[in-house]
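Participant: Fold the following, please.
(chains A and B)
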Amino acid sequence: MSAIHRVRLPTGARVIVEIGHEVEPAEVLANRRVAGEGTILPISTRLRRSPAAAAEHLVARPGALLEAGEPIASDGRGREVVVPEACLFLGYDLDDGSALIAPLGTAEPVIGHVRGRVTGISAEAIEIEVPGAVMSGVGGIGGAVHGELMLAVSAPADELRATAIDVNAAGRILVGGSRASGEAMTRARAIGAAGIVLGGVLDKELRDFETAQARRREVGAPHGDFAVLMLEGFGKVALDGALFGWFAAHDGHMASLFGADARLYVYEAEPPPARRVLPRPGDRVLAHRRPFAGGSGRLERILDGLRATPSGVATRAALVRFDDGRSAIVPLANLEATESFDGA
Amino acid sequence: MTSSVTGAELALLVDVGSAWSKAGVIGRSRGAWRLVAHAAQPTAWGARELHRALVDQLEASGDRRLSGRFDDLLRGANRIECHSPQRQGRLAIVAVSRELSGGAARRAAESAGWQTGPLVSLDDGRSLAERLRVLQLAEVDAWLAVGGFDEGASPRALECAAILAAARRPGSAPVIWAGSARLAEEVVGLFEEGAATSVPNARPDARRDEAGPLRAHLEELLRSLLVDDETSHLAPVTLPRAVGALATESALGILAVDIGARSAVRVLATPAGQTTVRVSASGGLSGVVLVPGAAGRVVRLAGEVGDEGTVADVLQTQRAHPATLPYLAEELAAIQAATRVAIAALLEDASPGPVDLLVGCGRSLAAAPRPAEAMRMLLDGARPIGVTQVAVDAAGVLGPLGSLEGDELREGLRLLADDLLVPLGTAVVTRGGEPGQLAMRVTVHRAGWPTPAPIAVRVGQVQVVALPRGSEAELSIEPGPGVSLGASRRSPRVRAMASGGAVGLVLDGRGIPIATPRRGDDRRAMQAAWADAIAREERTG
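Facilitator: Next up is the predicted model:
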């Protein structure tokens, strides 16, 4: 099984890999030079003209990339202003006759964060064929990270507790269960974990954690990337039992997690248990929305006609026997059929 | 429509939404065209399942002589369809100010149907490198640069355009400059030939937003980008056409609001045929959670729905699984409050003023379990001042009908007149007055009924009078001191006709906007009293 991952390239990036190249998650695929903060470059005084007159002699236009020593203005009579270092020309101030330029810093690497084979290169992106399984979640935060998967709870409905996170988590992507508190996320981050994969998370705790991370960055705290991915929903939502079994079977596999894109690649992995809408009697099902969110069970039968939920919404519904022993009538729209997982 | 329908005696109206699909079957019954079956389901279930649900309904309740033939009849029926756009145009904005020029640009873009991507501004707290990185990584269908007033040639505005020129890959998506007119030529010159277009400034001076030309340009650009989509069947196009035709046919001023899973549409149509449309690409229920402070607003509006954290989870779940349904009463209450937030957001940039008919479309409004809930969402969200009939497009037929051509559309509206909309009743909404003082005194005259004593409604109060569907009443309204019904008047009394519906006549003195107590307990008690008042007649009537 494989999936195509697209690494978007910023303008001006210099690609250093070729098609067919086998790349590792931390490998540099391209280099780019990042613009620093803007600085002022006097133009009119050097041309010995008024600011308005000097504007007529600009030879570059705002937005242009200039190499060191390249002229930015020239009066055609020998007087010219050159840029001292490679920079972006951002604007010209008609009041004081100066140019706003942003010097380009040293080259920064563009990293793909995935392992695989380069299958395509264009000006916009590098495409990499990733040997493994890909899954998408319903939300996430953080950038791109990679590390070994590590099962951190013993059951899909368990909460990932801060006390369960120790130094073994460093550099790994933890697979939690139904929720991780803000404290657990902070501890995982502090101990050096690469990320966390969860069934659900309380939106407020996730936002608070995100805000705390942003503040850390603002005050210049040392940081590596850290990502969180929610696969099922928001609130306390267990992972589907079959999916949890799949994660257990792939404990220790290398994975790449893209938090903000809510995507996870797991290498050398079988496809995760498939899902489909409109389950049929006998199907294993996963429920969404409270009070059954994250509950797995078997669909016993689809009821005739429309049924009213406690909220009063009349809809097609099914009788579900959940794994925890409960039986309930659940809107069919809130159920997904899930494939069972027999283990690797 | 008639000629195409008569052969099979059935026609199928289908609205394929981004999360839910709705279908109605119209058939000839005793010489009249009526809605004979209706089904709604998650779009992901597919057309075959929708067809099966309709056939099951027809077999259960249709003409028994046709039993066993409905499958074939439906397959041969004329299919009249609209659908949500397959994809949305994405646009990045570069602005001098996040709130001022950036805000005006974002509103114009969203109201033209665009989904706005990154907004980079010179006051966003990012470093220059971060701004460039955000723009360089943006995958968009167009770029919009704004800033500066028309009188000046602000270097900051030019800097915005320069940042965009530095970040954008030549030959990629088109650029629109809607900033300082004096900089237009210079800005267009920053990009390769033909890449940038200048339109009139969306904020020509500090006091004015003039987003009309920008919005028109963006609408045209979006149409050209989405050329693969058959625009005559796109719901944001068909709904306004149907509402416009309905306004002309009925000689009523109509405001229709469609709150979908992903996007929202507002249509204001006059009897003279003028139609004003606003499409908000992310104004649907999924987008509510992205509005800053949305969970708090929902808590304040909804009463007993839990704390902000719980509501934030409900809203996020709605975004993550838009085709699922609220199972618990408090979840439904939160979603309905979110719908009110979405309606208010859709109307915030232009108050429509008094209208004759307010129509609610979209699942959360049209399929509300109880009519009183739909009435409350519409009244609280839109606050239609004056005397307004209120109805919902319960069967979701307006959108599909709007895909018909002119004469066919008018004929379709006429043929379906009785089943087109479900009337909820009439609302009388006042503005102004002092809390606790008289908002209005209303006398309800119904032909053949004794005239009851006038009903006094105080500011902050809402009362409902039974007025069933099909009945009419003449209202004599005497507004209280300092209270307005939205139109200037010479007489101390206003006379108006009210038509009945599933809820009745709602006398709403809560003001515009609705003022609620600061204390949580008081606010919840008041919300519960209002909900109870609006639902009371529905229960007893």
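Participant: Which residues of the stretch 301-450 of chain B lie near chain A?
Facilitator: When proximity is defined as CB under 8 Å from any CB of the partner chain, the stretch 301-450 of chain B approaches chain A at B:308-310, B:312-317, B:320-321, B:323-329, B:331-332, B:367, B:369-370. C-beta here means a position set from N, CA and C on the backbone, and glycine is covered the same way.
Participant: Filter the residues you listed down to the buried ones.
Facilitator: Neighbour-count burial (16 or more other CB atoms under 10 Å in any protein chain shown) is assigned, among those, to B:308-310, B:312-317, B:320-321, B:323-329, B:331-332, B:367, B:369-370.
Participant: show me what contacts whatever residue of the stretch 351-500 of chain B ends up closest to chain A?
Facilitator: Residue nearest to chain A within the stretch 351-500 of chain B (CB to the nearest CB): B:Pro369, separated by 3.3 Å. Residues near B:Pro369 by CB atoms under 8 Å, 6 or more residues apart in numbering or on different chains: A:Ala308, A:Ser311, A:Gly312, A:Val313, A:Ala314, B:Leu332.
Participant: before we move on, what about B:Ala202?
Facilitator: B:Ser101, B:Ala104, B:Ala105, B:Ala108, B:Val146, B:Ala178, B:Gly179, B:Asp209, B:Glu210, B:Ala211, B:Leu214.
Participant: Please repeat the previous calculation with a cut-off of 7 Å.
Facilitator: B:Ala202 sits next to B:Ala104, B:Ala105, B:Ala108, B:Val146, B:Ala178, B:Asp209, B:Glu210, B:Ala211, B:Leu214 when contact means CB atoms under 7 Å, 6 or more residues apart in numbering or on different chains.
Participant: what would these look like in CSV with pLDDT?
Facilitator: Converted to CSV, the contacts of B:Ala202 look like this (pLDDT from 0 to 100):
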residue, pLDDT
B:Ala104, 87
B:Ala105, 91
B:Ala108, 85
B:Val146, 95
B:Ala178, 95
B:Asp209, 80
B:Glu210, 85
B:Ala211, 84
B:Leu214, 92
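Participant: out of these, which are inside strands?
Facilitator: Counting by DSSP state E, the part of the contacts of B:Ala202 found in strands is B:Val146.
Participant: and chain A, which of the contacts of B:Ala202 reach it?
Facilitator: The subset of the contacts of B:Ala202 within reach of chain A, counting by CB under 7 Å from any CB of the partner chain, is empty.
Participant: Quick one: buried ones out of the contacts of B:Pro369?
Facilitator: By 16+ other CB under 10 Å, those give A:Ser311, A:Val313, B:Leu332 as buried.
Participant: Show me which of the residues you listed is closest to B:Thr443.
Facilitator: Here the nearest of those to B:Thr443, counting by CB to CB, is B:Leu332; it sits at 36.2 Å.
Participant: And that closest one, its phi and psi?
Facilitator: Phi and psi for B:Leu332, reported as degrees, to the nearest 10, are phi -60, psi -40.
Participant: for it, what are its contacts?
Facilitator: Listed by CB under 7 Å, 6+ apart, the contact set of B:Leu332 reads A:Ser311, A:Gly312, A:Val313, B:Pro326.
Participant: Quick check: most distant residue from the centroid of the chain.
Facilitator: No chain was given, so I picked chain A. No residue in chain A sits farther from the centre than A:Arg77, which is 53.8 Å out by CA atoms, centre = their mean.
Participant: think we crossed wires, I meant chain B
Facilitator: Computed with CA atoms, centre = their mean, the residue of chain B farthest from its C-alpha average is B:Arg65, at 41.4 Å.
Participant: Please report how far that residue lies from A:Ala274.
Facilitator: Separation of B:Arg65 from A:Ala274 (CB to CB, to the nearest Å): 44 Å.
Participant: Then B:His217?
Facilitator: Counting by CB to CB - B:His217 and A:Ala274 are separated by 45 Å.
Participant: repeat for B:Cys82
Facilitator: 32 Å.
Participant: Those residues of the stretch 101-250 of chain A touching chain B, which are they?
Facilitator: Residues of the stretch 101-250 of chain A lying near chain B (CB under 7 Å from any CB): A:Ala102, A:Ala123, A:Glu124, A:Val138, A:Gly139, A:Leu202, A:Asp203, A:Lys204, A:Gly233, A:Phe234, A:Gly235.
Participant: Which members of these are positioned in helices?
Facilitator: Judged by DSSP state H, the subset of these located in helices is A:Asp203, A:Lys204.
Participant: Filter the residues of the stretch 101-250 of chain A next to chain B down to just the buried residues.
Facilitator: Among those, those scoring as buried are A:Ala102, A:Val138, A:Gly139, A:Leu202, A:Asp203, A:Lys204, A:Gly233, A:Phe234, A:Gly235 (criterion: 16+ other CB under 10 Å).
Participant: Sort these by pLDDT and name the bottom one.
Facilitator: Lowest pLDDT among those: A:Ala102, with 88.
Participant: for that one, what are its contacts?
Facilitator: A:Ala102 sits next to A:Ala35, A:Gly36, A:Glu37, A:Gly38, A:Cys87, A:Leu88, A:Leu90, B:Leu128 when contact means CB under 7 Å, 6+ apart.
Participant: ok, what's across the strand from the closest residue to it other than its chain neighbours?
Facilitator: Leaving aside its chain neighbours, A:Ala102 sits nearest to A:Ala35 (4.0 Å; criterion: CB to CB, 6 or more residues apart in numbering or on different chains). Counting by DSSP bridges, A:Ala35 is bridged to A:Leu104.
Participant: got the phi/psi numbers for residue 46?
Facilitator: By default, I'm working from chain A. When read as degrees, to the nearest 10, the backbone of A:Arg46 gives phi -70, psi -30.
Participant: Now the stretch 1-150 of chain B against chain A: closest residue?
Facilitator: Per CB to the nearest CB, B:Gln136 is where the stretch 1-150 of chain B lies closest to chain A, at 3.7 Å.
Participant: my guess is that residue meets A:Leu9, correct?
Facilitator: No - B:Gln136 is beyond contact range of A:Leu9, at 8.3 Å (criterion: CB atoms under 7 Å).
Participant: So which of the two has more stuff around it?
Facilitator: Set B:Gln136 next to A:Leu9 and count neighbours by other CB atoms under 10 Å in any protein chain shown: A:Leu9 wins out with 22 against 18.
Participant: Need phi/psi at the more buried one.
Facilitator: Backbone geometry at A:Leu9, expressed as degrees, to the nearest 10, gives phi -100, psi 130.
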